[in-house]
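Next input, structure requested:
(one chain, ligands or ions: 2)
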Amino acid sequence: MVTAVFPAAGQGRRMNVGINKVFLDLVGKPILVHTLQRFSRSKYINHLVVVVAAEEISFIRKLLKAVPGLKPYQVVAGGSERQYSIANGLAVVPKESEIVLVHDAARPLTSVETIDRVVEGAREIGGAIAAVPEKNTVKIVAEDGIVKETPPRKTLWEVQTPQGFRKDILLEAYRKAEEDGFLGTDDSSLVERLGVPVKVVESDYRNIKVTTPEDMLIAEAFLQKDRLKRTKDAAKKVIGKFLP
Ligand code: CTP
Ligand code: MG
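Residues are numbered from 1 along each chain as shown. Ligands and ions are numbered 1, 2, ... in the order given. Reported below is the predicted structural model:
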């Protein structure tokens, strides 16, 4: 069994619209709904755990009830940091889950291929994360603003979610992070501290995290492209009636 945990309990401060960005409408439905429907389309995913702010739980339950095509799901309260929100989600992951994926609710454009390959990678070696090759030259800079080092670009990958792990590994990583007071910026960094290998799965540049207002335009543009194809197919059906 594979369970996916979706941290959605942030405040979306950088989006600067005064509401949690995962509720923002993207071509007709909330970002969160796009994300959950995408994961529900994966043949591997059996169960969803949605982590939201405590005061949003009842609203989200109502919202999700009306959403078609979702795999079975639970809604639980998050914490003050992303890592704490995920820890709350992990606490309710069904016992039968062998693999757990963590995915930012704010990434609504993940391809089903990426989701499936992360599950396969996690099954294979214990941990797998979606990532894309770094496009820019990246420098390590000292606090005084002086460049220390230029890591070869070929070795650099920009990491995304989903990140998937065998459940026992991920739970142990979270336990140890809590014990050590370690706060990471992704889940893999917690697992890496155990010395467990984590595999990179090449994703695509569309799998953006909607973070600032311009990301909404980018996400909309990507979806518009999909929609164009769908509306073209739909139009063909209608026009087809009038064609010989
Ligand atoms: N998240 C969470 N609990 C938190 C903080 C973040 O579940 N305490 C979630 C967000 O809802 C988001 C994901 O983690 O889906 C990635 O975080 P980020 O993009 O930083 O979202 P926010 O924290 O909401 O945005 P910001 O940092 O701009 O306030
Ligand atoms: Mg944040």
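
For the residue most central in space within the chain, list the residues it contacts.
Closest to where the C-alpha atoms of the chain average out (Cα atoms, centre = their mean) is H103, at 2.7 Å. Shown here is H103, whose contacts under the criterion Cβ atoms under 8 Å, 6 or more residues apart in numbering are A4, V5, F6, T35, F39, T110, T161, P162, Q163. Just so you know, the C-beta spots here come from the backbone N, C-alpha and C atoms, and that holds for glycine as well.

which residues does the last one bridge with?
What it means is Q163. Judged by DSSP bridges, the bridge partners of Q163 are V102, I129.

distance of it from L101?
In this structure, Q163 and L101 are separated by 7 Å, where distance is defined by Cβ to Cβ, to the nearest Å.

likewise the fourth one?
T35 is 12 Å from L101, where distance means Cβ to Cβ.

try the fifth one
Using Cβ to Cβ, F39 is found at 8 Å from L101.

between these two, who's got more neighbours?
L101 (28 against 23; other Cβ atoms under 10 Å).

Do I have it right that that one meets N46?
No. In this structure, L101 is not within contact of N46 by Cβ atoms under 8 Å, at 10.9 Å.

so what pLDDT did the residue nearest to E134 when sequence neighbours are not counted get?
Excluding the flanking residues, the one nearest E134 by Cβ to Cβ, 6 or more residues apart in numbering is L156, at 3.8 Å. Each residue has a pLDDT score; the one for L156 is 98.

looking at it, L156 is touching V138, isn't it?
Yes. When contacts are counted by Cβ under 8 Å, L156 is listed as touching V138 (5.6 Å).

thinking again about what came up before, out of the contacts of H103, which sit inside strands?
The strands, defined by DSSP state E, take in A4, V5, F6, T161, P162, Q163 from the contacts of H103.

quick one on the thing from earlier: now the residue nearest to the centre of the chain: how far from ligand 1?
Applying Cβ to the nearest ligand atom, to the nearest Å, the value for H103 to ligand 1 is 9 Å.

Would you tell me which residues of this structure are close to ligand 1?
Taking Cβ under 6 Å from any ligand atom as the contact definition, the chain meets ligand 1 at 7-14, 21-22, 51, 78-82, 85, 104-106, 209, 211.

Now, those that are in helices?
Residues of the residues of the chain next to ligand 1 located in helices (DSSP state H): R82, S85.

filter the residues of the chain next to ligand 1 to the buried ones?
7-10, 12, 21-22, 51, 78-79, 82, 85, 104-106, 209, 211 (16 or more other Cβ atoms under 10 Å).

which neighbours do Q163 and L101 share?
Counting by Cβ under 8 Å, 6+ apart, the residues touching both Q163 and L101 are V118.

Show me the shaky parts of this protein.
Judged against pLDDT under 70, the low-scoring parts of the chain cover residues 226, 243-244.

out of all of them, which helix in it is the longest?
The helix that spans the most residues within the chain, counting by DSSP H, is helix 213-240.

who does that one touch, helix- and strand-wise?
In this structure, helix 213-240 packs against strand 25-26, with contacts taken as 3 or more Cβ pairs under 8 Å, 6 or more residues apart in numbering; DSSP states H and E.

For the strand it packs on, which strands pair with it and how are they oriented?
If you go by DSSP bridges, strand 25-26 pairs up with strand 29-30 (antiparallel).
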